[in-house]
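1. Sequence plus the predicted model coming up.
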Amino acid sequence: MCSYIFGVYIVKKYLKLIIKIFFILVIIFILLRKVNTEEILSYLLNADKKMLLLAFVMVCFMCGLLAFKWKVLLKNIKFVRLLEGVLIGHIITYSLGGQIVGEGGKIVLLKKTEKNMGMITASILVDKITGFLGGFIVGLIGMIFSRIPLSNKYKLYYCFIIGGCICLIIGLFNQKSINFWGWFLDGIKRKKGILRKIGEMLENVLNGIKRYVNDKKAILVSILWGIILQIVSVAVSFSVCYSLDIIIPFQDLCWIMSLVSVMALVPLSVMGLGVSQMSTISLLMLLGVSKELAIGYSLVLYIIMISVAVLSIVLLPLFHFISEV
């Protein structure tokens, strides 16, 4: 029986991987169809190396800022330990694929040393949500001061998507919603077997979220960090654009990157390639950038992220040693 269950688990796991790989191959086929690959290669080779180095340094800097932001919610854990978690999350995102999987890597790391896993999981959720809120705020400001003449239809679509996300977040995490989820989990805990264990586990996470929701100062500081991080993220994109002679105003990159961050949540990616790249290329083409140049931008940004992941693998043993001291 156990071997049968294990066999089913393995089949499901590899089936999901095969579906993801197939999806990525379809995306690559769509993007590279009727595309001048020599022109893309020319853009990559002629990119401004100094600006690319600046973008690389800023991404490394962002990893430190992400750890500082997380520290706002987990004050009792060492900064180096949280930085280690951020780096592991980045490595997993660009090796196995998907932000959700990367966030799971943080939980696995801290599980070895921290007892209150409900609070750890809640901190990751709140950290992610406040990051999105910060990004949405920057995106809305960018849309207001946009220099690109977009039709009212596209502006309406953008405001609908971002406004809907903000309303959804506020609706799910206000006090009344938390009380409802608490009542719902009480019902699950009355069940027997695995449902009861799941209910108890989720209740621990909900208690952690409840604690953060009541800590208004921590939430506001975390949102402020989210705004800062989004601005740095846009600066990275601006540097890559500049290196490839793509002329897009900074404020317009603000709303573009906020949309891409939403699309990046879709768990269909392998080694970081997936929906976010396709959405980035589509948005750049919408603004008049050629398909070859848009693909070049996406590839350069991806190479930078992979480079930071490789550097993280090299530095992880050092940070692990420091965190254990």
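-> Received, thanks. Numbering: from 1, shown residues only.
2. How much space separates the nearest residue to Ser233 once chain neighbours are set aside from Phe132?
-> Spatial nearest neighbour of Ser233, chain neighbours left out: Met257 (5.9 Å); criterion: C-beta to C-beta, 6 or more residues apart in numbering. Placement of C-beta: from N, CA and C, glycine included. Separation of Met257 from Phe132 (C-beta to C-beta, to the nearest Å): 12 Å.
3. The residue nearest to Ser233 sits in which helix or strand?
-> helix 250-263 (DSSP states H and E).
4. List of residues touching that helix?
-> Defining contact as C-beta atoms under 8 Å, 6 or more residues apart in numbering, one finds that helix 250-263 is touched by 132, 135-136, 138-143, 145-148, 158, 161-162, 165, 230-231, 233-235, 237-238, 241, 248, 275-276, 279-280, 283-284, 287.
5. next one: stretch 309-325
-> 60, 63, 78, 80-81, 83-84, 87-88, 90-91, 93-95.
6. Go through it and flag the buried ones.
-> 309, 311-312, 319, 323 (16 or more other C-beta atoms under 10 Å).
7. Tabulate the CA atom coordinates of that stretch in CSV.
-> Only the C-alpha atoms of stretch 309-325 are listed here, as CSV (Å, rounded to 0.1, in the frame of the first residue of the first chain):
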residue,chain,number,x,y,z
ALA,A,309,21.6,32.7,-7.8
VAL,A,310,25.0,31.3,-8.6
LEU,A,311,26.7,33.9,-6.4
SER,A,312,24.2,33.0,-3.7
ILE,A,313,25.2,29.3,-3.9
VAL,A,314,28.8,30.3,-3.4
LEU,A,315,28.1,32.6,-0.4
LEU,A,316,25.5,30.4,1.4
PRO,A,317,28.1,28.3,3.3
LEU,A,318,29.6,31.5,4.7
PHE,A,319,26.3,33.0,5.8
HIS,A,320,25.3,29.6,7.3
PHE,A,321,28.5,29.5,9.3
ILE,A,322,27.9,33.1,10.5
SER,A,323,24.3,32.4,11.5
GLU,A,324,25.3,29.4,13.5
VAL,A,325,27.9,31.4,15.6
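8. From the chain's centroid, how far away is it?
-> 21 Å (C-alpha atoms, centre = their mean, to the nearest Å).
9. okay, and for this structure, where does confidence drop off?
-> Along the chain, the model assigns pLDDT under 70 to residues 1-34, 96-105, 107-116, 150, 172-173, 264-275, 325.
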